[in-house]
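# Generate coordinates for the sequence data below:
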Amino acid sequence: MPTCRFCGTDLTRTFVDLGVSPVANDYLPAEALDQMEPFYPLHARVCEQCLLVQLPPVQTPQSFFNDQYAYFSSFSDSWLAHARDYAAAMIRRFELGPSHRVVEVASNDGYLLQYFQAAGIPVLGIDPARNCAEAAAAKGIPTEIRFFGAETARALAPAYSADLMAANNVLAHVPDINDFVEGFRILLQPEGVATFEFPHLLNLIQHNEFDTIYHEHYSYLSLYTTQQIFAAHELTVFDVAELPSHGGSLRLFIRHTANNRLSLEPGVARILDREEQAGLTRLDGYLGFESKVRKVKRDLLKFLIAAKEAGQTVAGYGAPAKGNTLLNYCGVRTDLLAFTVDRSPHKHGKFLPGTRIPVFPPKRIMEARPDFLLILPWNLRDEIMEQMKGIREWGGKFVVPIPELQVLP
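Purely as a prediction, here's the structure:
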């Protein structure tokens, strides 16, 4: 019986069971197509005690964030703008300057720290994926290639204690959430601030974002539950902001519980109240989700089969991890979706895990002229529809699968 990664309670309740799926970021080279591919259970459970929604661990994180890790933050224009705005806001709010230090955990290719460095503030990135760290180093961002937790924090604290720590979309990715959060307690200066951004479980439930469930996302987080996790490590959530990124995210502002100079802001109570109204503080608020997920599967398959029988072609846009969850859960293969395209050159010539759908550069759309373009990273749909507006020249339409199937002109 798997147990809760925060409180240790037996996990007996299902949130949603998506069957079995390959690791979502394991894009296949052509030479691997004749080889076996490992599939793992994708069965999210909810803890009856602390209400943490989670996947039991199936693999070591080293196998997720290896040298083939294919997500580079700098290939999304909207995410770079988000990072630039964050840096400006933090410098202004906390009066950061050359005498301070900013440390980012899961710093990827330096997409965020470059803006602090440009303002003359010392920075340090920490990331386990060597190819991402090397991309950051090419920008002059010093980066430690290692996983973050209490041990790493203790090793770095003498030279790199932080006035601001940033952790964007990483809290959900750690198998040992207690060890990870303890690292922040150790590395953060007594009056320092840490910010955590993560997709808000409230939006996942209300907007049916089940495709954001995949193996490297171990936890699905509400403010109600994360407050409990931080409190167990003598850290306090003193402010929270809602963000549009990743289908609706939270940015939590954390301080040491002993630091009373930063007072509790009203946003914390406001979000907690919304979560309570939505049922996230009660077990029964989690138990009706699976039926909504099954309807998305039926609707997408109906659409793809109808298009095929009408002689119409459907191509994909994007090769995000969330798309791999969706396509594998729905059983979509190349007979229904011939190919997809992506801006990241690291994915070109590769094949999606499980479905074996090929990935091409975006220009392939203009060559193939499909009738429909299925947008897999639906959280970037406005950006993508603007980039690909040329498909309207031949009557092409956009299809968005989440939260419910929509065909858009």
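# how close does residue 164 get to residue 183?
For residue 164, the distance to residue 183 (C-beta to C-beta, to the nearest Å) stands at 15 Å. C-beta here means a position set from N, CA and C on the backbone, and glycine is covered the same way.
# Next: residue 103.
For residue 103 relative to residue 183 (C-beta to C-beta), the value is 10 Å.
# Kindly report the same for residue 33.
40 Å.
# Looking at those two, which is more packed in?
More crowded of residue 33 and residue 183, by other C-beta atoms under 10 Å: residue 183, with 26 against 11.
# where does the stretch 1-150 of the chain dip in pLDDT?
Applying pLDDT under 70 to the stretch 1-150 of the chain flags the ranges 59-75.
# for it, what spans make up the strands?
13-21, 40-46, 53-54, 102-105, 123-126, 143-144 (DSSP state E, counting those that start in this stretch).
# quick one, phi/psi of the spatially most central residue of the chain?
With distances taken as C-alpha atoms, centre = their mean, residue 169 lies nearest the centre of the chain, 5.2 Å away. Dihedral pair for residue 169: phi 50, psi 50, per degrees, to the nearest 10.
# Might one say that it is in contact with residue 198?
Yes. Residue 169 lies in contact with residue 198 (C-beta atoms under 8 Å); the separation is 6.2 Å.
# Mutual contacts of these two, please.
Common contacts of residue 169 and residue 198, defined by C-beta atoms under 8 Å, 6 or more residues apart in numbering, comprise residue 249.
# Tell me which helix or strand comes right after the helix or strand where residue 301 lies.
Element membership for residue 301 (DSSP states H and E) is helix 289-309. Toward the C-terminus, helix 289-309 is succeeded by strand 314-317 as the next helix or strand (DSSP H and E).
# which secondary structure elements does that following strand contact?
Here strand 314-317 touches helix 289-309, strand 340-341, helix 363-368, strand 372-375, going by 3 or more C-beta pairs under 8 Å, 6 or more residues apart in numbering; DSSP states H and E.
# Out of the ones you listed, the one nearest residue 192 is which?
helix 289-309 (37.0 Å; C-beta to C-beta).
# most tightly surrounded among the strands of the stretch 1-150 of the chain?
strand 102-105 (a mean of 28; mean count of other C-beta atoms under 10 Å).
# where does residue 186 land in three-state SS?
What DSSP: H, G, I helix; E, B strand; the rest coil gives for residue 186 is helix.
# hang on, isn't it packed against residue 157?
Yes. Using C-beta under 8 Å, residue 186 makes contact with residue 157 at a distance of 5.8 Å.
# end-to-end on stretch 196-203?
17 Å (C-alpha to C-alpha, to the nearest Å).
# what's in contact with it?
Taking C-beta under 8 Å, 6+ apart as the rule, stretch 196-203 contacts 53, 167-172, 209, 212, 220-223, 225-226, 242-243, 245-252, 254, 274-275, 278, 280.
# which residues does residue 144 bridge with?
With DSSP bridges applied, residue 144 shows beta-bridge pairing to residue 126.
# and what of residue 188?
Applying DSSP bridges, one finds that residue 188 bridges with residue 162.
# ditto for the one 5 residues further on
On the basis of DSSP bridges, residue 193 is bridged to residue 164.
# same deal with the one 5 residues further on?
Counting by DSSP bridges, residue 198 forms beta bridges with residue 250.
# Mark out where each domain of this structure begins and ends.
Following automatic domain parsing, one gets these domains for the chain: 73-198+217-257, 296-408.
# Can you name the residues that contact the spatially closest residue to residue 77 that is not a sequence neighbour?
Nearest non-adjacent residue to residue 77, counting by C-beta to C-beta, 6 or more residues apart in numbering: residue 383, 6.6 Å away. By C-beta under 8 Å, 6+ apart, the residues touching residue 383 are 76-78.
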